[in-house]
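Enquirer: What shape does this take:
(chains A and B)
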There are 2 protein chains.
Amino acid sequence: MSLIDFDADRCILSSPTAMPLAAGFLWNPHMMIHMTARGYATAQFMQPEPSKYARAQIMEAKHFMLPEQGTYAHHPGRFFYVKDRETGALFSAPYEPVRAPVEAFAFEVTPTRLHWTVDRPGLRIELTLTLTVDDACELWEVRLINSGARHRNVSFYPAFPIGLMSWMNQSANYHAGHQGIVADCVTAYQKIEDYFKNKSLKDKVFLLSEQTPLAFETRQARFEGEGGLHKPDAIMAEQMGDGVALYENPIAALQFDHELNKGESVTHRFLFGPAFDDTEITRLKTRYLSQDGFATARAEYVAYMAAGAKSINIDSSDPHLNAFVNTWLPRQVYYHGDTNRLSTDPQTRNFLQDAMGSAYVSPKTARKTLLKALSQQHANGSMPDGITLYDGAELKYINQVPHTDHSVWLALFLEAYLDETDDYAVLDELVTDKETQTARSVRDRISAANQWLIQAIDYRGLNFIDQGDWNDPMNMVGWKGKGVSGWLTLATAHSLRLWSQILERDGRDGSAFARASQAFNDAMNTHLWDGDWYGRGITDDDVKFGIKSDVEGRIYLNPQSFALMSGAADGDKQKRMVTAVEDQMETPYGVEMIAPAYTHMREDVGRLTQKFPGVAENGSVYNHAAVFYIYSLYQVNEAEKAFELMRKMLTGPDDEDYLRRGQMPVFVPNYYRGAHRQNPEASGRSSHLFNTGTASWLYRSLIEGLFGLKGSREGLRIAPQLPASWASARVTRHFRGATFEVEISRGTPALNVDGEVVTGKVIRDIVAGKTYQISVTI
Amino acid sequence: MSLIDFDADRCILSSPTAMPLAAGFLWNPHMMIHMTARGYATAQFMQPEPSKYARAQIMEAKHFMLPEQGTYAHHPGRFFYVKDRETGALFSAPYEPVRAPVEAFAFEVTPTRLHWTVDRPGLRIELTLTLTVDDACELWEVRLINSGARHRNVSFYPAFPIGLMSWMNQSANYHAGHQGIVADCVTAYQKIEDYFKNKSLKDKVFLLSEQTPLAFETRQARFEGEGGLHKPDAIMAEQMGDGVALYENPIAALQFDHELNKGESVTHRFLFGPAFDDTEITRLKTRYLSQDGFATARAEYVAYMAAGAKSINIDSSDPHLNAFVNTWLPRQVYYHGDTNRLSTDPQTRNFLQDAMGSAYVSPKTARKTLLKALSQQHANGSMPDGITLYDGAELKYINQVPHTDHSVWLALFLEAYLDETDDYAVLDELVTDKETQTARSVRDRISAANQWLIQAIDYRGLNFIDQGDWNDPMNMVGWKGKGVSGWLTLATAHSLRLWSQILERDGRDGSAFARASQAFNDAMNTHLWDGDWYGRGITDDDVKFGIKSDVEGRIYLNPQSFALMSGAADGDKQKRMVTAVEDQMETPYGVEMIAPAYTHMREDVGRLTQKFPGVAENGSVYNHAAVFYIYSLYQVNEAEKAFELMRKMLTGPDDEDYLRRGQMPVFVPNYYRGAHRQNPEASGRSSHLFNTGTASWLYRSLIEGLFGLKGSREGLRIAPQLPASWASARVTRHFRGATFEVEISRGTPALNVDGEVVTGKVIRDIVAGKTYQISVTI
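Expert: Next comes the predicted model:
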């Protein structure tokens, strides 16, 4: 059996140990849960700020010393212990924390549930986690099956550590009315204003059971005892001690004893999550905690997931890619647009790029996002560092650092959105901004944003970078007010060109923006073409960087990508750049973002250079940057290279690649380790972070680039750029309410629609609801 | 054998499991380390803000999602694994994380080192941890002894998890030049100003070995493997894999193989700590990492500890108390004064009360503290919430919340300091404050602080409380500007009385302050005497609380204590108060601070009422409050009650008490669990926190109350208040450079100095350097 079995419906991992961090994730509008195959969990819910209901055993981060600080063990997880009451043999499913050997193991990630099947001698346990649509609540179904030849006498224990809830007040007890454990706390605070803020927080955590437990334990320390989490005293005992947690870290552990004849099984259902009060717990229990409740919730959740429509369905000679593109990638795109990455102040660039993905799977979401973003535009036309999603939300973390690129993403988003929807009416929508309370049209606002970019330049005509652009940690290139960004200059040129085109298509005069675009491209060619590639910028002290004379950070990917998009690079430059990237930046796991990675601080570049070599912005295969490059390659018809790099974004399908990357192919991560030439031993390792601007651009590159099924005012433009290794491919494209069944094959270039030859590449006069049969030869 | 063997030189715990959180601590001016008997460690060093060099495996606290977030296990600790290479048998010393059974176990806390002896079949391991005086550096000496009858072939592995250092950059490798592992990181930050702040941080962590290791491992995840910390893959292997940590959580693990004949032993020495760069590591290695280096460092450290002089040495019929008073309590007092609790912005009240303790063990420190505090006095005479200890230090956490009591501690400190030192000259010292850059005498400043208190009153003459007084979380009594503190009113009365007395003794007119003091006492008696005790205050809405009609928070201890000190309570009131406290607040583990504890939020009292019942300010045996009461009882000659409650502050000596409290008697903790009548099952449990204002007041109560050896302008006043159960006691008192050998016995009251009868209670004309033989009958 192969390590991973992967298709559009499921991804099954057959080992609990081969890829220790392999994981899947589920979400709904209220929460997200990320679970490893082994049973560790990271979950957040929104109230409205992201919050946890199962935490670590300590409060880390710098803090004053705490009373009664216990020693601790282990990551939050969802553990199901099973003890043979006759032999004393113990295991836990899925795998942690006992880590007992298994006969067979299957961790099955589907778009709508996480499922495990664990076989031990004579016993099988099946676990299923699903979410609801309307609540922050985990639905667990557990089936314990006597798969052996003899009668079994077992104890079964769900045990969910809740962790250090609060140093002010935490406790837990069994609640007979709820038939489960309820932990309670008071979120810790010191300032009086926080009391009023915290009053509405969900400070309770519950584990409710459909069956009445025999016994329980709520004290983490007593649960573990001297045996530890892998052999807990409370479980090795005949019966749990019904312990009440009084200001100590809680665990929700229940005991059920079962006698199972050969072939017999027993099914448990549990709810786990946060709650404000007993009324809410009662409501959740009533709604969900039954066979019917689970079935209804499941149906609702499946429908919720299906609401994230797919733009294409592909059938290529690469089944691995098919599976990814037909299910997993649009799912990731939908996640981004639907949840805003569980942030309440998404970075403006992320907010708009994630919305670009929504243009293909949920156009209404995309439109709302644009209007929301523009409502926070500054009076001078520039876009803020982050968009606050509710009144009272604050710009946090990196959003407190000034970056200059946020205004360029409007036109980039809009090109995709308008091509897909033809919703030019949105340009006339009036948006009132918070700062000045002025109503202006979307069109005026986007012109203003681009005008702001036009004037935010130095004497050379290059865009100032301030404390960063798309590249957040590049914070010391221009913090003194002089440094400029080569990438941003190209991104502005690209934005201006797109905006001029949109205006023209809308019957307006876009020529001023087109001329301005050319000026930015010219300035770039004048000042930052380095002979074989574009430099990344010029520092406050007038030093060019990202150029041949640099030993580290010699070449940056983003300027090359955007020079291809913006039209700055002529054919000769294009060829040189692609060659340079290939020579210096490509790896078996994708293309790096910077090469060579910095190994020490460069004070005129900034924080980026302090990151570990090959990690994140410092020379990893940072997929967001890699997909910019892939997208740009399709723009200049470098189809082979584009496909080669795109294909490397997926993990697998061979075991060696899975083991190296450590990730299941159910999402594209924000990066794989780079610095391949410097640290080959770690190269390729996945970041396991599924929040990334990659998803939307990758989906777009597939739809519009690889399969060449791009919208326009006139209709659907058909111009596939299949790799040479593909003889043919079939695609179903959903576009403006119509369906296009597209067959791509090799031959004399021709386009045939419903049996008729079409001249040119565009299918016009599309009728919603209709299915078109397209045959295209390339 | 008893669980704990305790005397003035050492405290030995003979079980690794009976008291899981039992611990000792060491410090020097640069760092503090708190280690449990089992081997878990919490260490901090100052750079200048408190920092960690061994951390948890995750960065907890609310944060954005991180790339490559690993799953994790276990608290930071110092683990020494030993594997029998013939049998494969594994154990770890002191006890974690293998938790293998021991034949014998001794965790020995001495004032200057932590020492373990662990006996396994045929093998003994001895561990010693000492500190240096000048550096943040742990000195570990480990002796492995073949105590059995046969030749042994063992592998020995020190393994110190370093934890998640930084999400920006972390790594570790073996450094042949240093002969040890060096982990490196870049402290994570996002704002440019933090780059400049962080540049001087010690971002390296080292584990250096005197002997050359055979192999090493620096990757926590690979070290543990599937075996886990209790059976690490790296240790079960024949030889460690010399793994380099590239952006992953590091561990410093070394392997040494030894062949030991019967009776043979081998000694290892290690250094562990933070460093700025390789130069610093080299310096530390050169200075300390040798037998001589250890010996010299140890001698220096013993001398440093001895510099915290003891004020008394007692020989009573209570050996447990003798040991505590002769070593452990003055050590804790010294720690507070010397380190300011490893804070750079100590709360003003803590700063001054800790300095009050220093008056007995390190008067120069006490004097400096007073002058430092006054240099941050506000222009209006009031004292700030915290004292910043270096330029750039900021008021953090609770010091950002306005409290009104900070000005009362000046006179309380000064009474003790002047009685002990007779340094009235300090009153003429000129202190320039930061706010106004005005030079004023200490005398004027303390008068100004007291004047501020005099005017900070409502129409009834009671002191406003704002968002708290000594009782930090009582933040909603007066946040609207009207609520008053009964306790603070009495504390002001006490302060004013003390200050008037000091002025009078200094030959000035203190009568205005004396009259003002009386007015505060009168106001309290008029408005807050509740019939059997004093109420705690009156809320913004004019509601008295801490009174009989309250169901929760019915009686507060502090107003009673300070009414005894301030003279507010006449004889009848005194009797009623003491009876009320006895009936409602005393427990087997001391006297509670509030009774009954609050079980839900009371919005006109505040955050205090949200703490868990019986924890911290919400009704624990909060020893700082308890010792106020004890001190006040000695002021009114309630010697029996005072001693009874004082004695309950020490854990032990019987096993039942140790097991209940869970703490060794090497320090007094900030609280024991209270709410004894509500949650008896947790009652008595120690907080294990050794930062507490209790220490100074307890030492003072012993010196001036129990043993009645109090200084004054005239000399040493002798008025012991022994408990009835003591027939006699001997005390050596160090006072103003002279030594007093005091014998206290029962009989007709009389005082005999060097064989001559003295009239009155005061020994005058003390000659420094002289030893006096005192005999006092009571």
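
Enquirer: who's residue A:128 bridged to?
Expert: In this structure, residue A:128 has the following beta-bridge partners (DSSP bridges): residue A:115, residue A:141.

Enquirer: Correction: the previous question concerned residue A:33.
Expert: In this entry, residue A:33 is beta-bridged to residue A:26, residue A:43, by DSSP bridges.

Enquirer: And it, how close does it get to residue A:771?
Expert: When C-beta to C-beta, to the nearest Å is the yardstick, residue A:33 and residue A:771 sit 38 Å from each other. Bear in mind the C-beta positions are built from the backbone N, C-alpha and C, glycine included.

Enquirer: quick one: which of the two has more around it?
Expert: Under the neighbour definition other C-beta atoms under 10 Å in any protein chain shown, residue A:33 and residue A:771 were set side by side, and residue A:33 has more, 24 against 11.

Enquirer: which parts of the top helix by length along chain A are buried?
Expert: Of all the elements of type helix in chain A, the one with the most residues (DSSP state H) is helix A:486-505. Applying a neighbour-count criterion of 16 or more other C-beta atoms under 10 Å in any protein chain shown, the buried positions in helix A:486-505 are A:486-503, A:505.

Enquirer: do stretch A:314-321 as well
Expert: Of all the residues in stretch A:314-321, those buried under the rule 16+ other C-beta under 10 Å are A:314, A:316, A:318, A:320, A:321.

Enquirer: Now do it: everything it contacts.
Expert: Around stretch A:314-321, the neighbours that count as contacts under C-beta atoms under 8 Å, 6 or more residues apart in numbering or on different chains are A:6-7, A:322, A:325-326, A:647, A:650, A:652-653, A:665, A:702, A:707, A:725-732.

Enquirer: Among the residues you listed, filter down to the buried ones and hand me the PyMOL syntax, if you would.
Expert: Here is the PyMOL command that selects the buried residues among the contacts of stretch A:314-321 (16+ other C-beta under 10 Å):
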select buried, chain A and resi 6+322+325+326+650+652+653+665+702+707+726+728+729+730+731+732
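
Enquirer: Okay, now the unreliable bits of the stretch 1-150 of chain A?
Expert: Within the stretch 1-150 of chain A, the segments meeting pLDDT under 70 span A:1, A:59-73.

Enquirer: residues in the stretch 251-400 of chain A within reach of chain B, list them.
Expert: Proximity of the stretch 251-400 of chain A to chain B (C-beta under 8 Å from any C-beta of the partner chain) is limited to residues A:341, A:342, A:343, A:397, A:398, A:400.

Enquirer: and the fifth one, that's in a helix?
Expert: Yes: applying DSSP: H, G, I helix; E, B strand; the rest coil, one finds residue A:398 inside a helix.

Enquirer: May I ask you to confirm that it is in contact with residue A:470?
Expert: No: the pair residue A:398 / residue A:470 is not scored as a contact, 11.9 Å apart, by C-beta atoms under 8 Å.

Enquirer: neighbour count winner among the two?
Expert: Higher neighbour count among residue A:398 and residue A:470: residue A:470, with 25 against 19, using other C-beta under 10 Å.

Enquirer: Excluding covalently adjacent residues, which one is nearest to that one?
Expert: Nearest in space to residue A:470, with sequence neighbours left out and distances taken as C-beta to C-beta, 6 or more residues apart in numbering or on different chains, is residue A:405 at 5.0 Å.

Enquirer: And what about the closest residue in space to residue A:607 that isn't next to it in sequence, helix, strand or coil?
Expert: Distances taken as C-beta to C-beta, 6+ apart put residue A:473 closest to residue A:607, at 4.0 Å, once the chain neighbours are dropped. Assigned state for residue A:473: coil (three-state reduction, three-state DSSP).

Enquirer: give me phi/psi at residue A:473?
Expert: With angles defined as degrees, to the nearest 10, residue A:473 shows backbone torsions of phi -80, psi 10.

Enquirer: Make sure it is actually in contact with residue A:622.
Expert: No: shown here, residue A:473 and residue A:622 do not form a contact pair, counting by C-beta under 8 Å, at 11.6 Å.

Enquirer: quick one: residue A:462 and residue A:483 touch, right?
Expert: No: because the distance of 9.4 Å does not satisfy C-beta under 8 Å, residue A:462 is recorded as not touching residue A:483.

Enquirer: intersection of neighbour lists for these two?
Expert: Residues within reach of residue A:462 and of residue A:483 at once, by C-beta under 8 Å, 6+ apart, are A:537, A:538.

Enquirer: Could you look up the next helix or strand downstream of the helix or strand of chain A with the lowest mean pLDDT?
Expert: When the helices and strands of chain A are scored by mean pLDDT, DSSP states H and E, strand A:50-51 comes last with a mean of 90. For strand A:50-51, the succeeding helix or strand toward the C-terminus, using DSSP states H and E, is strand A:79-84.

Enquirer: which other helices and strands contact that next one?
Expert: Helices and strands touching strand A:79-84, as assessed by 3 or more C-beta pairs under 8 Å, 6 or more residues apart in numbering or on different chains; DSSP states H and E, comprise strand A:90-93, strand A:123-131, strand A:152-161, helix A:233-236.

Enquirer: again, 7 Å this time
Expert: Strand A:79-84 is packed against strand A:90-93, strand A:123-131, strand A:152-161, with contacts defined by 3 or more C-beta pairs under 7 Å, 6 or more residues apart in numbering or on different chains; DSSP states H and E.

Enquirer: ok and that strand relative to strand A:123-131, angle-wise?
Expert: Interaxial angle, strand A:79-84 versus strand A:123-131 (axes from the mean of the first three to the mean of the last three C-alpha atoms, to 10 degrees): 160 degrees.

Enquirer: Go ahead and name everything in contact with strand A:79-84.
Expert: Taking contacts as C-beta atoms under 7 Å, 6 or more residues apart in numbering or on different chains, the residues outside strand A:79-84 that touch it are A:39, A:90-93, A:96-98, A:123, A:125, A:127, A:142, A:144, A:152, A:154-159, A:235.

Enquirer: What strands flank that strand, and is each parallel or antiparallel?
Expert: Strand pairing (DSSP bridges) places strand A:79-84 next to strand A:90-93 (antiparallel), strand A:152-161 (antiparallel).

Enquirer: Dump the ones you listed to CSV, plus distance to residue A:566.
Expert: Rendered in CSV, the data for the strands paired with strand A:79-84 read as follows (distance: least, C-beta to C-beta, whole Å):
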stretch, distance to residue A:566
strand A:90-93, 54
strand A:152-161, 52
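
Enquirer: Would you convert those into CSV that also reports mean neighbour count?
Expert: Converted to CSV, the strands paired with strand A:79-84 look like this (neighbours: other C-beta atoms under 10 Å in any protein chain shown):
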stretch, mean neighbour count
strand A:90-93, 24
strand A:152-161, 23
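
Enquirer: burial measure for residue A:567, as a count.
Expert: One way to gauge burial is a neighbour count; for residue A:567, by other C-beta under 10 Å, it gives 16.

Enquirer: What backbone torsions are found at it?
Expert: Torsion angles, degrees, to the nearest 10, at residue A:567: phi 80, psi 10.

Enquirer: What of the one 5 residues further on?
Expert: When read as degrees, to the nearest 10, the backbone of residue A:572 gives phi -70, psi -50.

Enquirer: if I look at it, how far off is residue A:531?
Expert: Going from residue A:572 to residue A:531 by C-beta to C-beta gives 11 Å.

Enquirer: And residue A:292, by the same measure?
Expert: Computed with C-beta to C-beta, the distance linking residue A:292 and residue A:531 is 70 Å.

Enquirer: Contact partners for the residue lying closest to residue A:675 once chain neighbours are set aside?
Expert: Leaving aside its chain neighbours, residue A:675 sits nearest to residue A:614 (2.8 Å; criterion: C-beta to C-beta, 6+ apart). The neighbourhood of residue A:614, defined by C-beta under 7 Å, 6+ apart, consists of A:597, A:620, A:673, A:674, A:675, A:678, A:679, A:682, A:683.

Enquirer: how does it look with 10 Å?
Expert: For residue A:614, the set of contacting residues under the criterion of C-beta atoms under 10 Å, 6 or more residues apart in numbering or on different chains consists of A:587, A:592, A:594-597, A:620-621, A:671-680, A:682-685, B:246-247.
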